[in-house]
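> 3D model of this:
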Amino acid sequence: MFEIKQGTVTFKSNAPLENINAESAMLTGLVSLDQNTFAFSVDVNSFKGFNSSLQQEHFYENYMETDIYPRATFSGKLIDKFNPDLQSQKIRAKGNLDIHGVKQERIIDVVITKKGDHYLIVSDFNVPLVDHNIRIPKVVYQKIAENINIKVQGEMVRK
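Presented below is the predicted three-dimensional model:
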């Protein structure tokens with residue numbers, strides 16, 4: 001069993017009128033390589049780095065509704081067999097991505113790199129806002145991208 005001790009989730013919204021980048025260092029997770037299962041979670045209120053405090057407030061209250069949906073999660077099974085002898089490998093993770101209270105089944109590529117007695121994980125994928133019922137008002141439609149780029153990085157250590 002491995003756990004994520006240090007992990008980050010970064011999102012980027014590159015829209016015609018504005019780019020938004022924010023990051024959370026509050027990623028937690030467990031990975032069982034014996035059973036090929038995983039579960040990751042991030043506190044949505046922990047994202048920082050917005051262009052303004054008002055933008056951050058709108059993200060929490062209007063779009064993500066963190067008072068109702070405080071966490072984003074991804075859990076499921078590893079499709080590809082993990083090989084602990086390889087220095088680096090790409091595997092696919094299949095599971096439910098739960099954002100804004102809406103679960104969507106996704107297959108996400110993850111690169112796992114051996115570093116001593118632990119592993120570094122990196123995943124980069126896009127999330128369409130419509131898939132998770134996140135509505136953007138027309139007045140700011142040109143300032144928020146319809147597809148948000150998500151990058152997850154973490155260090156897996158033996159539990």
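> Now the element after the helix-or-strand element of the chain with minimal mean pLDDT, going C-ward?
Among the helices and strands of the chain, helix 53-58 carries the lowest confidence by mean pLDDT, DSSP states H and E, at a mean of 89. If you walk from helix 53-58 toward the C-terminus, the next helix or strand you reach (DSSP states H and E) is strand 71-78.
> Quick one: mean pLDDT for that next one?
When pLDDT is averaged over strand 71-78, the result is 97.
> What helices and strands are in contact with that strand?
Applying 3 or more Cβ pairs under 8 Å, 6 or more residues apart in numbering; DSSP states H and E, one finds that strand 71-78 makes contact with strand 37-43, strand 88-99. Any C-beta I mention is one placed from the backbone N, CA and C, and that applies to glycine too.
> Would you mind finding the most buried of these?
The densest packing among those, expressed as mean neighbour count by mean count of other Cβ atoms under 10 Å, is seen in strand 37-43 with a mean of 19.
> So which residues lie in contact with that one, not counting its own?
Residues from elsewhere that reach strand 37-43 (Cβ atoms under 8 Å, 6 or more residues apart in numbering): 4, 7, 9, 24, 26-32, 70-78, 93, 95, 152.
> what about burial for these, which qualify?
4, 7, 9, 24, 26-31, 71-76, 78, 93, 95, 152 (16 or more other Cβ atoms under 10 Å).
> Assumed Leu86 was part of a helix.
No: Leu86 is assigned coil when assessed by DSSP: H, G, I helix; E, B strand; the rest coil, not a helix.
> Tell me, how many residues neighbour it?
Look at Leu86: counted by other Cβ atoms under 10 Å, it has 11 neighbours.
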